[in-house]
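*Asks:* coordinates for the following, if possible.
(2 chains)
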Amino acid sequence: MGVIMGHEPNGKPGWPKTVKEWLFTLDHKVIGVWYLIGSIASFAVAGLAAMLMRIELGSIGPDITGDGNVYNLWLTMHGAVMILGFQIPALLGFVANYAVPIMIGAKDMAFPRVNAMSVWLLWSGILLALANLVIPDHFNGMWTGYPPYSTSDAAGNTALYSLVVIVLGMSSVFGAVNLACTVAFMRCKGMGWFQMPMTAWCVFTANIIQLIFVPVLAASVLLLSLDRYLGFGFYNPETGGDVLLYQNLFWFYSHPAVYVILLPFMGIIFEIFSASAKNMVFSYKATVFAVLAFIPAGGDVWVHHAFVAGLPDWLRVLQSFTTLLISLPFGLLMLSLVGTLYKGAIRYSGPMIWALGAWVMLIFGGLTGIPNALSSIDYGISDSYVVMSHFHYVMAVAGTMATFGAVFYWFPKLTGRICNEFLTKLSGITFFIGMNVVMAPLYFAGIEGMPRRYMDYQQFADNPTIVNAQYWSTIGAYITFLAVLLMLVAWIHGMLKGKKSSQNPWGSQSLEWTSAALIAGQGNFPSPVEVVEDWHPYNYIDNPKPTYITVASNS
Amino acid sequence: MSEEIKHYTAHWHTSPFPMMVGFGTGLFLPWAFMLQFNYEQPTAALVCLVIGAALGIAGGLGWAGETIGVIDDEGWSPSAMFMFIGTEIMTIGAILAGYWVMRLGAPVWPPADTPTIDASIPLIATIILVVSSITIGLARKREMEGDSSGFVKMVLLSIVIWGVFMVMVISDWNHLASEGFTIGVNAYATALYGLTGIHMAHIVIGLLVMLTCLPSALKGRMSFSYTRAMTMYVHFVNSLGLWVLLQVYYW
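*Replies:* Here you go, the predicted structure:
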């Protein structure tokens, strides 16, 4: 057997031992860990920015700062770093890299060197984004970077914003091409498309969405810098350009970006639900088609972000319908999750608590999306806390809970140990309560007219709903902060003192647990794996065991 | 777990080159742009540009050196290139959308202050450019025949053709600018320089892709997969050149 792209099977179980092997690695698992470290660091920075904003908003008048420019910096850093530095890299970096190849029985990604380049592009993007905290003219145009503000001097360093997005976009595109090839060509012998774990399907689909839509975002922010620095006029009405062009191009990617984040974390929830309930994913094939349906359904809804931008009526009505259509595949996925739990022998493990929390938050977030989709209602609540709260339920809370659930779920494979179950559950429940206390009151504040992005709300001083909502939301932020600390304690304790894990602690049927060493070495499997037609990652009844193909050793 | 197989590899495979390319293009080149245009510090920008370009080029050559003709060719690169070209089409599509919005929304086109644009030089340049599709096809044929020196000659010829195209386009830009038709004049200028500029950026990337495989080929090492992907990219950039010509000068 030949050497495949510089990788061989038979790697000794365990992690690399030297600094060189870590830094210059080509292994998908080590690269996955680099993604994880980068995304957790981004979460810390963006989370602190959120805490500062929440403390500032806790009461009327200056609490930490009276300087709107400083508040705008927090706002920009929170949004941009959470989405581009934490969520997408955690899901399409860590989960896609660490978990997917090993779940489909592959030795590595299709292009290990491209994979390594992608992760260093991500780190370049994160370092560039962090530079925003120290440069004198920090960019303060929010993560959306709308012109004409962002093409004016008041916005600060627009080039930084453009380049962070472009560099992270390059990282995403190379990563997406790599993962799509991996899933298409490197599934183990015998594994058909409909024998792939849901995580692999969801990550694959999310990457197809990335491939189609990321380039449009990169082009839209490139044009921002061309306009600002080289005198182009794409967004400049004075020379025949159009400001709304940016809004269209930006949301053409940035709405599907929601599904780029949503799908992988749905995949994780499926993984944890199925392993915890020991049930086949309900209506597996229909669920896979529902996942794939997000590609067309997610791609034709971006105009709903511009409902109040003076669009013709027919377009607003049309886009209300296309937006509501998303409920179909989304609803199918939610039903499938219910079906997966139905009559299952559910074991409420630590990761299951996080996954359940994510699922419940997803229901809250999904249901509040329906009124937002109707342009007649959106007219009244656009740019208010209602929209912000809806968005945070889906992305910030459900997404984050599932992502951290994934870390707890694969923690034994990362470290060989299991996190303390009590701490895992306590942190998950605290996070769930904390984020609900943060976000639920803000719906009511939004309905009362509280606009998003404001650093103060003196004009609402006599509105007890808004004042109380802001107060309780800040209390919720403290609870969430405590939950994150508890989670960090659970991880550190787990790494150092956690109970030694068995080979398959959750009783999953997926290959990463059944056929690779607990801490898999280079090449993942001692020998290439083969599965038969009846094998399925969610078949908990008489699943035929995967076998190894005996090959001549390279050494 | 199979107990019979104990022949573990002694160490993990590593390579410094992806990191060099990643940080060179992802960190230093962006700083070069920011220092030049946002902070107006040309010396510092030049330093960053040189470091970034050096890291990128050295990384790329090292990368090619340890892969092309060295490790087994799985033949997946063309599929990857197919997807990558798809993303490129979306990028260009976004910029074209900008052009269409400006053009279809304009009361008169071209805008009143546009001088007469001579389309003959871009036409000749594009005809020359498209010839490289033939030469790169011949390069692929030589690679399939195992003729590395013939391959090198045909790739070099394609590089020269692209070089001629670049010189012609830049001289045309200079000519237009000398007539006062600079980037910021009107929407047509934005579209013309934007679309031809993005095409030129692809020419530069394509040149790097072609140059990268030459050192290995000079040592007699070629890769079916790389050559096929490179050929696809060259055809794509040439098609893009034709499309830009039709959109900007002949519509």
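
*Asks:* now do the contacts for residue A:83.
*Replies:* Going by Cβ atoms under 8 Å, 6 or more residues apart in numbering or on different chains, residue A:83 touches A:143, A:257, A:261, A:395. C-beta: built from backbone N, CA, C; applies to glycine.

*Asks:* how many other residues sit next to the residue lying closest to residue A:265 once chain neighbours are set aside?
*Replies:* Take residue A:265 and drop its neighbours on the chain: the residue closest to it by Cβ to Cβ, 6 or more residues apart in numbering or on different chains is residue A:402, 3.6 Å away. Residues within reach of residue A:402, counting by other Cβ atoms under 10 Å in any protein chain shown, total 31.

*Asks:* ok, residue A:402 - contacts?
*Replies:* A:265-266, A:268-269, A:354-355, A:358.

*Asks:* residue A:220 against residue A:250, yeah?
*Replies:* Yes - using Cβ atoms under 8 Å, residue A:220 makes contact with residue A:250 at a distance of 5.2 Å.

*Asks:* secondary structure element holding the residue most central in space within chain B?
*Replies:* Closest residue to the average C-alpha location of chain B: residue B:205 at 2.4 Å, with Cα atoms, centre = their mean. Assigned by DSSP states H and E, residue B:205 falls within helix B:187-212.

*Asks:* buried residues, that helix. List them.
*Replies:* Neighbour-count burial for helix B:187-212, counted by 16 or more other Cβ atoms under 10 Å in any protein chain shown, picks out B:187-200, B:202-203, B:206-207, B:209-212.

*Asks:* now do the same contact list for residue A:15.
*Replies:* The contact partners of residue A:15, taken as Cβ under 8 Å, 6+ apart, are A:30, A:519.

*Asks:* which strands and helices lie in contact with the host helix or strand of residue A:51?
*Replies:* Applying DSSP H and E as the criterion places residue A:51 in helix A:28-57. Helix A:28-57 makes packing contacts with helix A:68-80, helix A:100-103, helix A:112-131, helix A:400-415, helix A:464-497 when contacts are defined by 3 or more Cβ pairs under 8 Å, 6 or more residues apart in numbering or on different chains; DSSP states H and E.

*Asks:* pLDDT wise, what is residue A:308 at?
*Replies:* At residue A:308, the predicted lDDT confidence score is 88.

*Asks:* please name the nearest non-neighbouring residue to it.
*Replies:* Closest to residue A:308 by Cβ to Cβ, 6+ apart is residue A:382, at 4.6 Å.

*Asks:* around chain A, pick out the residues from the stretch 151-251 of chain B.
*Replies:* The stretch 151-251 of chain B has residues B:182-190, B:193-194 near chain A, with proximity defined as Cβ under 8 Å from any Cβ of the partner chain.

*Asks:* possible to save these as JSON lines with distance to residue B:147?
*Replies:* Formatted as JSON lines, these follow (distance: Cβ to Cβ, whole Å):
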{"residue": "B:182", "distance to residue B:147": "48"}
{"residue": "B:183", "distance to residue B:147": "45"}
{"residue": "B:184", "distance to residue B:147": "50"}
{"residue": "B:185", "distance to residue B:147": "50"}
{"residue": "B:186", "distance to residue B:147": "51"}
{"residue": "B:187", "distance to residue B:147": "50"}
{"residue": "B:188", "distance to residue B:147": "47"}
{"residue": "B:189", "distance to residue B:147": "46"}
{"residue": "B:190", "distance to residue B:147": "46"}
{"residue": "B:193", "distance to residue B:147": "41"}
{"residue": "B:194", "distance to residue B:147": "41"}
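
*Asks:* can you list those in a markdown table and add distance to residue A:122 and pLDDT?
*Replies:* A markdown table is the format used below for those (distance: Cβ to Cβ, whole Å; pLDDT from 0 to 100):
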| residue | distance to residue A:122 | pLDDT |
| --- | --- | --- |
| B:182 | 37 | 90 |
| B:183 | 32 | 90 |
| B:184 | 34 | 83 |
| B:185 | 39 | 86 |
| B:186 | 39 | 89 |
| B:187 | 36 | 90 |
| B:188 | 38 | 92 |
| B:189 | 36 | 92 |
| B:190 | 32 | 91 |
| B:193 | 31 | 94 |
| B:194 | 28 | 94 |
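
*Asks:* which of those residues lies closest to residue A:206?
*Replies:* For these, the closest approach to residue A:206 (Cβ to Cβ) belongs to residue B:194, at 30.4 Å.

*Asks:* from memory the closest one sits against residue A:232, does it?
*Replies:* Yes - because the distance of 6.0 Å satisfies Cβ under 8 Å, residue B:194 is recorded as touching residue A:232.

*Asks:* name the residues contacting each of those two.
*Replies:* Taking Cβ under 8 Å, 6+ apart as the criterion, residue B:194 and residue A:232 both touch A:223, A:226.

*Asks:* tell me where chain A has strands.
*Replies:* Using DSSP state E, the strands of chain A run over residues A:417-418, A:499-500, A:529-530, A:547-548.

*Asks:* can you check which of these gets nearest to residue B:244?
*Replies:* The nearest among the strands of chain A, by Cβ to Cβ, is strand A:529-530 at 48.1 Å.

*Asks:* got a list of contacts for stretch B:39-46?
*Replies:* B:31-36.

*Asks:* now those as JSON lines including distance to residue A:377, neighbour count and secondary structure?
*Replies:* JSON lines is the format used below for the contacts of stretch B:39-46 (distance: Cβ to Cβ, whole Å; neighbours: other Cβ atoms under 10 Å in any protein chain shown; DSSP: H, G, I helix; E, B strand; the rest coil):
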{"residue": "B:31", "distance to residue A:377": "45", "neighbour count": "24", "secondary structure": "helix"}
{"residue": "B:32", "distance to residue A:377": "48", "neighbour count": "21", "secondary structure": "helix"}
{"residue": "B:33", "distance to residue A:377": "43", "neighbour count": "21", "secondary structure": "helix"}
{"residue": "B:34", "distance to residue A:377": "42", "neighbour count": "25", "secondary structure": "helix"}
{"residue": "B:35", "distance to residue A:377": "47", "neighbour count": "20", "secondary structure": "helix"}
{"residue": "B:36", "distance to residue A:377": "47", "neighbour count": "19", "secondary structure": "helix"}
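
*Asks:* show me the shaky parts of the chain.
*Replies:* Reading this off chain A. A:1-11, A:551-555 (pLDDT under 70).

*Asks:* you looked at the wrong chain, it should be chain B
*Replies:* B:1-10.

*Asks:* quick one on the thing from earlier: residue A:220 and residue A:250 - which one has more neighbours?
*Replies:* residue A:220 (30 against 24).

*Asks:* separation between the more buried one and residue A:149?
*Replies:* 15 Å (Cβ to Cβ, to the nearest Å).

*Asks:* just the closest of the contacts of stretch B:39-46 to residue A:63, please.
*Replies:* Closest to residue A:63, out of all of the contacts of stretch B:39-46 and judged by Cβ to Cβ, is residue B:34, at 33.1 Å.
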